[in-house]
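**Q** sequence plus predicted model, see below.
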Amino acid sequence: MSRALKTTIVILAVLVVFGLITLPSLRRAIQRISGSSRPEEQARREVMQIPISTPTDVKVTAQMYWLSAASPASLEATPIELPLSADPVERSKQLLLALIDNAPAPERRTLPPDTTLLAFYIQPDGTAIADFSDALQQETPSGILSEQMAVDSIAQTLGANVNAIRQLKILIHGQEAETLAGHLDLSGLFPVPSAAQAATPVSQAPTTPTTTGAGQTKPAGPAPAPPTPAKKAPN
């Protein structure tokens, strides 16, 4: 065996021994880093999700839309007592925080529990802009029904309790997203029903955004009427 080969074998053996010695420490360090990221994330969410209180708060019975206990493929209006502001923006924030945090049971949730409402405002034309954290997109179960129920629960809850909103735009971390979790198009505006319309049970049919543009689905118009047969001239 040549001297160079012996030297190579010795170096490899030393590296293997060194790796075996340092591997447990490296594993523990990785576990500490991954374990600490979760509490930091949770702490950040708790700061962002501090209950909103305003001088005009009045305790009222709000209609919240979570998954139906009897039919999980639809939403069900659930009355709960909430202190709500007279200001439409603050009132909407209070409602969305309750929608995320106050579901009567885990199986009735429509939004992931880690979801954070980052910002919310209402434009003069009645368009509400709701900006959510990445958790809404990353943790909502992928599928047209679950994604539709998530958006519908937001729209129905806002429509049932806030008069100033006509349509809804959803952003993810301040950016426009193509889809919620791979299926439902988020590039358009979703209609927000009035209180009377919100009381109507939600069907499974997907909601089409009300505006169209690049990447959006345009609702199909009514089929053209068949042409009227020409009258035969008398002989």
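**A** Thanks, I have the structure now. Residues are numbered from 1 along each chain as shown.
**Q** next, count neighbours for Glu90.
**A** Look at Glu90: counted by other CB atoms under 10 Å, it has 17 neighbours. Glycine gets a C-beta too; all of them are placed from N, C-alpha and C.
**Q** so it lies in a strand, does it not?
**A** No - Glu90 is assigned helix when assessed by DSSP: H, G, I helix; E, B strand; the rest coil, not a strand.
**Q** so who does the residue nearest to it when sequence neighbours are not counted touch?
**A** Closest residue in space to Glu90, ignoring its immediate chain neighbours: Thr54 at 5.1 Å, by CB to CB, 6 or more residues apart in numbering. Counting by CB atoms under 8 Å, 6 or more residues apart in numbering, Thr54 makes contact with 85-87, 90.
**Q** in strands, which of those residues appear?
**A** Members of these lying in strands (criterion: DSSP state E): none.
**Q** can you flag the buried ones in those?
**A** 85, 87, 90 (16 or more other CB atoms under 10 Å).
**Q** how long is stretch 62-76 from one end to the other?
**A** 13 Å (CA to CA, to the nearest Å).
**Q** gap between it and the chain center?
**A** Distance of stretch 62-76 from the chain centroid (CA atoms, centre = their mean, to the nearest Å) equals 16 Å.
**Q** give me the contacts around that stretch.
**A** With CB under 8 Å, 6+ apart as the criterion, stretch 62-76 contacts 77-82, 84, 95, 98-99, 102-105, 107-110, 145, 149, 152-153, 156-157, 160-161, 195, 198-199, 201-204.
**Q** quick one: mean pLDDT for that stretch?
**A** For stretch 62-76, mean pLDDT rounds to 95.
**Q** can you start the count at 5 instead of 1 from here on
**A** OK, 5 is where the count begins now, so the last one is stretch 66-80.
**Q** re earlier: which two of the contacts of Thr58 lie the greatest distance from each other?
**A** Among these, the pair separated by the greatest distance (CB to CB) is Ala90 and Glu94, at 8.3 Å.
**Q** mind checking what secondary structure the spatially most central residue of the chain has?
**A** What sits nearest the mean C-alpha location of the chain, by CA atoms, centre = their mean, is Leu140, with 3.8 Å. Under three-state DSSP, Leu140 falls in the helix class.
**Q** ok, it - contacts?
**A** 115-116, 119, 154, 176, 184.
**Q** again, only using 6 Å
**A** Thr119 (CB atoms under 6 Å, 6 or more residues apart in numbering).
**Q** I'd like the buried ones among the contacts of Thr58 as CSV, with pLDDT and distance to Phe22 appended.
**A** Output for the buried ones among the contacts of Thr58, formatted as CSV (pLDDT from 0 to 100; distance: CB to CB, whole Å):
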residue, pLDDT, distance to Phe22
Ser89, 97, 62
Asp91, 97, 63
Glu94, 97, 60
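**Q** ranges for the strands of this protein?
**A** 62-71, 79-88, 121-126, 131-136, 171-176, 194-195.
**Q** in a markdown table: the ones you listed, plus distance to Ile15 and mean neighbour count.
**A** Below are the strands of the chain laid out as a markdown table (distance: least, CB to CB, whole Å; neighbours: other CB atoms under 10 Å):
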| stretch | distance to Ile15 | mean neighbour count |
| --- | --- | --- |
| strand 62-71 | 62 | 18 |
| strand 79-88 | 66 | 17 |
| strand 121-126 | 53 | 16 |
| strand 131-136 | 54 | 21 |
| strand 171-176 | 50 | 20 |
| strand 194-195 | 64 | 18 |
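**Q** alright, that wraps it up for me.
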